[in-house]
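1. would you be able to build a 3D model of this:
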Amino acid sequence: MNNRFEKMSIKEFVSKPLFDEIIVLKKDPSVPKISIVTTSYNQGEFIGRTILSVLNQNYPNLEYIIIDGGSNDNSIEIIKKYEKFLSYWVSESDNGQSSALKKGSDKSTGDIMAFLSSDDTYCPGVLNKIADLFKRNPEVDVIYGAINLVDSHDNILVRRDMSGSRFDFSILLFDSSLPQQAVFWRRDIYLKSGGIDSSFLFSMDKDLWVRFSLSGAKFLRVNEVLANFRLHGSNKTLTINDIRIKEDLLIVERTLGRRIGPFELWFRVLVNKTKRYLSNPLDLFRGLVLRIRRLKW
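-> Modelled structure (predicted):
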């Protein structure tokens with residue numbers, strides 16, 4: 001592996017450039033090209049750490065794309081600091097995150113793809129690990145793992161596994177989505193499924209995972225933390241929960257091909273939530289810990 005920093009804490013890993021410029025710039029065709037798309041809007045407080053978490057992977061065939069929605073803070077200044085190592089970046093008004101993800105994905109050419117929001121980060125050594133897993137599992141289309149929830153200062157709040165101990169389509173559909181920050185997929189399944197649906201404001205990733213599965217994708221869960229999801233006051237996940245609920249219901253009804261009543265939806269959610277926590281009871285405890293911490297905030 002080309003990564004010398006796997007034992008570092010998150011704070012250390014994103015504190016400064018640690019990568020070898022020659023390795024990042026050279027592009028070694030003997031390893032799979034990995035395309036990472038980061039979307040951003042006014043995240044100058046965090047985007048530098050996001051970029052470093054990608055470049056410090058020291059991955060030898062990286063295609064890193066940043067789509068900024070026309071930020072008016074210091075985001076552009078930070079992006080320009082690293083533009084030498086970016087395959088493409090742009091800052092212009094867009095129609096939201098899903099539109100930006102589609103734009104970045106259309107620009108990408110990698111064998112393996114992933115999305116990383118501009119306030120989230122990767123753990124050290126993840127890209128080499130993912131490339132090796134895809135190489136050793138040629139039948140697998142999608143690989144995902146756990147995440148850490150972290151605060152604004154990269155302190156770990158709790159680990160979350162989100163989707164039980166193994167991939168289960170009914171859990172994905174009726175309960176918990178896969179954590180976007182910790183999901184990687186082959187370009188072939190992305191194209192086969194039709195790619196990002198930019199009509200979604202929030203649940204575009206869950207919709208994509210569902211269509212991956214309906215397209216015949218094989219999922220592989222790895223029992224380790226791959227990325228860090230940041231909780232902070234302006235985080236979209238914390239501010240538009242009502243929209244997420246409506247979009248998740250739309251995904252369910254599209255998949256079933258019919259409308260679903262409130263009792264049936266409640267029952268299916270309860271069954272799959274129970275199934276998820278029975279398969280991974282430790283994550284129930286972690287969720288309770290997070291709720292207690294939020295009450296203290």
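2. from now on I want contacts and neighbour counts done on CA atoms only, so please keep to that.
-> Noted.
3. tell me the mean pLDDT over stretch 272-284?
-> Averaging pLDDT along stretch 272-284 yields 87.
4. ok, now stretch 83-99?
-> Stretch 83-99 comes out at a mean pLDDT of 95.
5. just the residues contacting it, thanks.
-> Stretch 83-99 is contacted from outside by 24-25, 39-40, 55, 63-71, 76, 100, 107, 196-202, 204, using Cα atoms under 8 Å, 6 or more residues apart in numbering.
6. show me where the stretch 101-250 of the chain has its helices.
-> 126-136, 169-174, 187-193, 204-214, 236-239, 241-256 (DSSP state H, counting those that start in this stretch).
7. so the last one versus helix 204-214, what angle?
-> Spelled out, it's helix 241-256. Taking axes from the mean of the first three to the mean of the last three Cα atoms, to 10 degrees, one finds helix 241-256 and helix 204-214 inclined to each other by 20 degrees.
8. what's helix 241-256 in contact with?
-> Residues contacting helix 241-256 (Cα under 8 Å, 6+ apart): L173, F174, F200, L201, F202, S203, K206, D207, R259, I260.
9. can you list those in a markdown table and add neighbour count?
-> Formatted as a markdown table, the contacts of helix 241-256 follow (neighbours: other Cα atoms under 10 Å):
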| residue | neighbour count |
| --- | --- |
| L173 | 22 |
| F174 | 21 |
| F200 | 20 |
| L201 | 17 |
| F202 | 23 |
| S203 | 21 |
| K206 | 21 |
| D207 | 24 |
| R259 | 11 |
| I260 | 14 |
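10. of the residues you listed, which is the nearest to V269?
-> F174 (5.1 Å; Cα to Cα).
11. got the contact list for that closest one?
-> V252, L265, R268, V269, N272.
12. chain neighbours aside, what residue packs nearest to the third one?
-> When the adjacent residues along the chain are set aside, R268 lies closest to F174, with 6.4 Å between them (Cα to Cα, 6 or more residues apart in numbering).
13. before we move on, back to that, most neighbours, which of the contacts of F174?
-> N272 (22 neighbours; other Cα atoms under 10 Å).
14. tally of neighbours for the closest residue to it other than its chain neighbours?
-> Counting by Cα to Cα, 6+ apart, N272 lies nearest to I171, which is 5.2 Å off, once chain neighbours are set aside. Around I171 there are 23 other residues, counting by other Cα under 10 Å.
15. how about the contacts made by I171?
-> By Cα under 8 Å, 6+ apart, the neighbours of I171 are S163, S177, N272, K273, K275, R276.
16. turn the contacts of F174 into CSV, including distance to D242.
-> Output for the contacts of F174, formatted as CSV (distance: Cα to Cα, whole Å):
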residue, distance to D242
V252, 16
L265, 16
R268, 19
V269, 16
N272, 20
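17. taking helix 126-136 as reference, get the angle to the helix or strand that contains Y64.
-> Following DSSP states H and E, one finds Y64 within strand 62-68. Relative orientation of strand 62-68 versus helix 126-136 (the same axes, to 10 degrees): 120 degrees.
18. same for strand 62-68, what does it pack against?
-> Here strand 62-68 touches strand 34-40, strand 88-91, helix 97-107, going by 3 or more Cα pairs under 8 Å, 6 or more residues apart in numbering; DSSP states H and E.
19. pick the most buried one from these.
-> Neighbour counts (mean count of other Cα atoms under 10 Å) averaged over each of the helices and strands packed on strand 62-68 peak at strand 34-40, with a mean of 26.
20. what's the first helix or strand after that strand?
-> helix 47-55.
21. nearest to I189, of the contacts of I171?
-> Among the contacts of I171, S177 lies closest to I189 (Cα to Cα), at 18.0 Å.
22. let me know how buried that closest one is, in neighbour terms.
-> Neighbours around S177, by other Cα under 10 Å: 19.
23. tell me what the longest strand along the chain is packed against?
-> If you go by DSSP state E, the chain has its longest strand at strand 219-230. Counting contacts by 3+ Cα pairs under 8 Å, 6+ apart, strand 219-230 is packed against strand 121-122, strand 142-150.
24. tell me how far it lies from the chain's centre.
-> Its chain's C-alpha centre and that of strand 219-230 lie 9 Å apart, by Cα atoms, centre = their mean, to the nearest Å.
25. same question for stretch 168-187.
-> Using Cα atoms, centre = their mean, the offset of stretch 168-187 from its chain centre is 10 Å.
26. how about that stretch: buried residues?
-> Buried positions in stretch 168-187, judged by neighbour count with 16 or more other Cα atoms under 10 Å: 169-187.
27. gap between the two ends of it?
-> Stretch 168-187 has an end-to-end distance of 22 Å (Cα to Cα, to the nearest Å).
28. that concludes my questions; thank you for your assistance.
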